[in-house]
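Peer 1: Need coordinates for the below:
(chains A and B)
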Protein chains: 2
Amino acid sequence: MDASASPDGPQEAAALPLPDSAVTPKDLALHLTRLALTAPDLGSAMTPVLDTLVGHTAAVGAGYFQWREATLAYHARSASGEMPEGPQMAALLAHGLPGNMPLLRALERAEGVLYFEETQDCEIAAGFPDLGVRALLAAPVTSQSGELVGALLAHVFTPHVWTPAERQLVGSVTGLLALLAARLDAEERERAAHESALRAIGLCLEARDAETQGHTDRVTDLAVRLGEHLGLNDTGLRTLRWGAYLHDIGKIGIPDDILHHPGGLSAEMRGRMQEHVGDGVRLATQLSFLPQATLDVIGAHHEWWDGRGYPAGLKGEEIALPARIFSVCDVFDALTNARPYKAAWSMGATLEYIQDLSGQQFDPQVVEALLAVLGDELPAVM
Amino acid sequence: MDASASPDGPQEAAALPLPDSAVTPKDLALHLTRLALTAPDLGSAMTPVLDTLVGHTAAVGAGYFQWREATLAYHARSASGEMPEGPQMAALLAHGLPGNMPLLRALERAEGVLYFEETQDCEIAAGFPDLGVRALLAAPVTSQSGELVGALLAHVFTPHVWTPAERQLVGSVTGLLALLAARLDAEERERAAHESALRAIGLCLEARDAETQGHTDRVTDLAVRLGEHLGLNDTGLRTLRWGAYLHDIGKIGIPDDILHHPGGLSAEMRGRMQEHVGDGVRLATQLSFLPQATLDVIGAHHEWWDGRGYPAGLKGEEIALPARIFSVCDVFDALTNARPYKAAWSMGATLEYIQDLSGQQFDPQVVEALLAVLGDELPAVM
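Peer 2: So this is what the prediction gives:
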């Protein structure tokens, strides 16, 4: 179901550092909870749980499915063991469990784990016989407000009577882990929504500004690619991305007659325009959760490597790295796209221009990263 | 430490529905994890853990402290049992644990629980003897990225040698719960940051618009008070608050010469101005996580109860309740505050105006809620 899933499930779980052979369902639940709490994300938090279901019951494969409203389907987040094959399974992997499956309706009402000994005999398990799945267990994952947000599914390709020992183990393990999955899911949703809200600020600014549509997303994507190339970690990339969303937040206060001025700006107008940097930092500082690196992008994205930028005339590494990365991306995107007052430049002409200013406007290291990152695209366009 | 903390700690824990008398540290850990995972917030998630420390060890009181950068101090989130008294404790409750306490530095480096048998003999416990605390245990709560985000503290007012049985219990219970607290803390931070990002959109719009400063926060507060009075649940209040932040998001695209027009608008200008509602819904729809109630506020906050509003001319309960609530608040705030083209109206004149339009522009039920909610403030101003 994902690249790391192996077809020999029952052996897999042996690789798990379980307490020891005299392992009780309680030990397993504690152990898996601890693993899940230290996992980087919900998908990897659930993998050891799936491995345990496959390793300690008759199930030959198991998957964790998560509701994502945008697609009205449950998508596979992680899997263990042997998964069904064939066109139905391919469709399921591509599109998720259809939201109208009877099993999902049953899980919405379920108080605990649902067990199926022979899916062919049960309307609720409709769809599973077509996948070759004959015995099945399904544990609902429910949010604080009682909505079904996901499900742990484990299956056998032959009919199977789930034993009391299996039910005890599954109950102990999935009870706690389903609660935990719901909280991790809430954390992920909040993180995604938070990210989305910051991006929305960028999109709003774009809607007013003369920027071509898509500037925010393009410049953010490119900044993240350069950041990755330059070795930023996940936190560094996240704060750089936020800076990219918010870099021109100060333009909200620039009057239309300056922002949309058709020709060159007078010195006075240019002065007012440049105030967008300081205004932006002031506005962004009100977002108390924003890290310094994000404020750096907002405050220093018009500084130049040689000290001739604004507002502070910072020089070289006095300018924070995220701001140096971003300023290259901002100029790159402005040049390669049409604006009301100019046509789009070719990639070749743009890179030549940026290379000419390496060491003046731009950090040479970042310019090199840009060339490396765009390297693959170059032959086609230069 | 909070209103519900009782001075007879050890008895308290008996009220907990613990499995039974033959309770092992593992049982406790599983039980507390389950309770914490179903708790509405981090503070209440930690209370049963604190109760357990007080009920099952010599500790007479325990508190959960949480790092909040804004104050550079650990603030008490929940407490159990008997807390220290006196001016130092009052200061601690008001201001949190000072960020420069040696114990906090030690917790940042700690691999597990720190035990103090006599705080007077140990530099790291400086500050605690002044509170009358002689024996102490402190369990760090660390984020995924390794930062100290909180601490569980339990204390005795006499010196105490922590027994192996106590250490085993504390280790089992705090190990897992500290991991869980860190995840719940991450969820809370994301939620707060997400909220803050949405509010920022409102503040940005306010920075450009002719609205008086503080409009976003005032109108949001009032909408939430009316929502509470009208019985909205937490989810309803949250989505109403988001609608209040974002209600004028569509104004981002309105040109300055209309938005800042000094006198009355021409019919054409008014038409363009009214488009901010549809533009706003289109922009907000890009935020896929926004619930319908929030979109309703944006899309229907200029609809009138009698059907004479815009853009759709909806009538009565065809207009979603959050939008009916919000439209009263928006007008109330516009009238009671000065704008470039008008002075601030008195509260009395404003309420009279709004009452006159009850059943025409406004939902009578919402107007009544406004009068009820502002009731306390009225005698002073009318």
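
Peer 1: average model confidence for the helix or strand encompassing A:Ala192?
Peer 2: Following DSSP states H and E, one finds A:Ala192 within helix A:164-208. Here helix A:164-208 scores 88 as its mean pLDDT.

Peer 1: Equivalent analysis for stretch A:351-360, please.
Peer 2: 96.

Peer 1: Now that stretch: buried residues?
Peer 2: A:351, A:354, A:358 (16 or more other Cβ atoms under 10 Å in any protein chain shown). For every residue, glycine as well, the C-beta is placed using N, CA and C.

Peer 1: likewise stretch A:213-227?
Peer 2: Buried-residue list, stretch A:213-227, by 16+ other Cβ under 10 Å: A:215-220, A:222-227.

Peer 1: okay if I get those residues as CSV plus pLDDT and distance to chain B?
Peer 2: Output for the buried residues of stretch A:213-227, formatted as CSV (pLDDT from 0 to 100; distance: Cβ to the nearest Cβ, whole Å):
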residue, pLDDT, distance to chain B
A:His215, 91, 15
A:Thr216, 92, 11
A:Asp217, 93, 11
A:Arg218, 95, 16
A:Val219, 95, 17
A:Thr220, 96, 15
A:Leu222, 97, 21
A:Ala223, 97, 19
A:Val224, 97, 19
A:Arg225, 97, 23
A:Leu226, 97, 23
A:Gly227, 97, 17
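
Peer 1: can you redo these as JSON lines with distance to A:Gln66 and secondary structure?
Peer 2: Output for the buried residues of stretch A:213-227, formatted as JSON lines (distance: Cβ to Cβ, whole Å; DSSP: H, G, I helix; E, B strand; the rest coil):
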{"residue": "A:His215", "distance to A:Gln66": "32", "secondary structure": "helix"}
{"residue": "A:Thr216", "distance to A:Gln66": "28", "secondary structure": "helix"}
{"residue": "A:Asp217", "distance to A:Gln66": "25", "secondary structure": "helix"}
{"residue": "A:Arg218", "distance to A:Gln66": "29", "secondary structure": "helix"}
{"residue": "A:Val219", "distance to A:Gln66": "30", "secondary structure": "helix"}
{"residue": "A:Thr220", "distance to A:Gln66": "25", "secondary structure": "helix"}
{"residue": "A:Leu222", "distance to A:Gln66": "30", "secondary structure": "helix"}
{"residue": "A:Ala223", "distance to A:Gln66": "29", "secondary structure": "helix"}
{"residue": "A:Val224", "distance to A:Gln66": "24", "secondary structure": "helix"}
{"residue": "A:Arg225", "distance to A:Gln66": "27", "secondary structure": "helix"}
{"residue": "A:Leu226", "distance to A:Gln66": "31", "secondary structure": "helix"}
{"residue": "A:Gly227", "distance to A:Gln66": "28", "secondary structure": "helix"}
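
Peer 1: check the buried residues of stretch A:351-360 against chain B, which are close?
Peer 2: For chain B, no contacts are drawn from the buried residues of stretch A:351-360 by Cβ under 8 Å from any Cβ of the partner chain.

Peer 1: now these as CSV including secondary structure?
Peer 2: Listed next are the buried residues of stretch A:351-360 as CSV, based on DSSP: H, G, I helix; E, B strand; the rest coil:
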residue, secondary structure
A:Leu351, helix
A:Ile354, helix
A:Ser358, strand
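
Peer 1: residues contacting A:Leu314?
Peer 2: Neighbouring residues of A:Leu314 by Cβ atoms under 8 Å, 6 or more residues apart in numbering or on different chains: A:300, A:303, A:307.

Peer 1: next one: A:Thr220
Peer 2: A:Thr220 is in contact with A:199, A:202, A:241, A:244-245, counting by Cβ under 8 Å, 6+ apart.

Peer 1: Next, give me the two most distant ones among the residues you listed.
Peer 2: Farthest-apart pair in the contacts of A:Thr220 is A:Gly202 and A:Arg241; separation 10.1 Å (Cβ to Cβ).

Peer 1: Out of the contacts of A:Thr220, which end up buried?
Peer 2: Among these, those classed as buried by 16+ other Cβ under 10 Å are A:199, A:202, A:241, A:244-245.

Peer 1: Could I get those in TSV, plus columns for distance to chain B?
Peer 2: Converted to TSV, the buried ones among the contacts of A:Thr220 look like this (distance: Cβ to the nearest Cβ, whole Å):
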residue	distance to chain B
A:Arg199	9
A:Gly202	11
A:Arg241	13
A:Ala244	15
A:Tyr245	10
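
Peer 1: which one of these sits closest to B:Gly263?
Peer 2: B:Gly263 has its nearest neighbour among the buried ones among the contacts of A:Thr220 in A:Gly202, at 34.1 Å by Cβ to Cβ.

Peer 1: Not counting its neighbours along the chain, what's nearest A:Val281?
Peer 2: Sequence neighbours aside, A:Gly299 is the residue nearest to A:Val281 in space, at 4.5 Å (criterion: Cβ to Cβ, 6 or more residues apart in numbering or on different chains).

Peer 1: ok, how many other residues are close to the one you found?
Peer 2: Using other Cβ atoms under 10 Å in any protein chain shown, A:Gly299 has 26 neighbouring residues.

Peer 1: go on, A:Val60?
Peer 2: 23.

Peer 1: same question, A:Gly264
Peer 2: 8.

Peer 1: Can you verify it is assigned to a strand?
Peer 2: No: with three-state DSSP as the criterion, A:Gly264 is located in coil rather than a strand.

Peer 1: Retrieve the pLDDT associated with it.
Peer 2: 82.

Peer 1: Please apply the same query to A:Pro17.
Peer 2: Looking at A:Pro17, its pLDDT stands at 48.

Peer 1: for the one 4 residues further on, same thing?
Peer 2: If you check A:Ser21, the pLDDT there is 54.

Peer 1: For the stretch 51-200 of chain A, just list every one of the helices.
Peer 2: Assigned helices in the stretch 51-200 of chain A, in chain order: A:87-95, A:102-109, A:164-208 (criterion: DSSP state H, counting those that start in this stretch).

Peer 1: Past the helix or strand bottoming out on mean pLDDT in chain A, which element shows up next along the chain?
Peer 2: Every helix and strand in chain A was compared by mean pLDDT, DSSP states H and E; the lowest is helix A:9-12, with a mean of 34. Next helix or strand after helix A:9-12 toward the C-terminus (DSSP H and E): helix A:25-37.

Peer 1: so does that next one get close to chain B?
Peer 2: Yes: Helix A:25-37 reaches chain B (Cβ under 8 Å from any Cβ) through A:26-27, A:29-30, A:33-34, A:37.

Peer 1: possible to save these as a markdown table with pLDDT?
Peer 2: A markdown table is the format used below for the residues of helix A:25-37 next to chain B (pLDDT from 0 to 100):
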| residue | pLDDT |
| --- | --- |
| A:Lys26 | 87 |
| A:Asp27 | 88 |
| A:Ala29 | 90 |
| A:Leu30 | 89 |
| A:Thr33 | 91 |
| A:Arg34 | 90 |
| A:Leu37 | 90 |
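
Peer 1: Tell me the one of those residues nearest chain B?
Peer 2: Distance to chain B, by Cβ to the nearest Cβ, is smallest for A:Leu37 among those, at 3.9 Å.

Peer 1: Against A:Gly150, how distant is the residue lying closest to that closest one once chain neighbours are set aside?
Peer 2: Nearest non-adjacent residue to A:Leu37, counting by Cβ to Cβ, 6+ apart: B:Leu179, 3.9 Å away. Here the criterion is Cβ to Cβ, to the nearest Å. By it, B:Leu179 lies 21 Å from A:Gly150.
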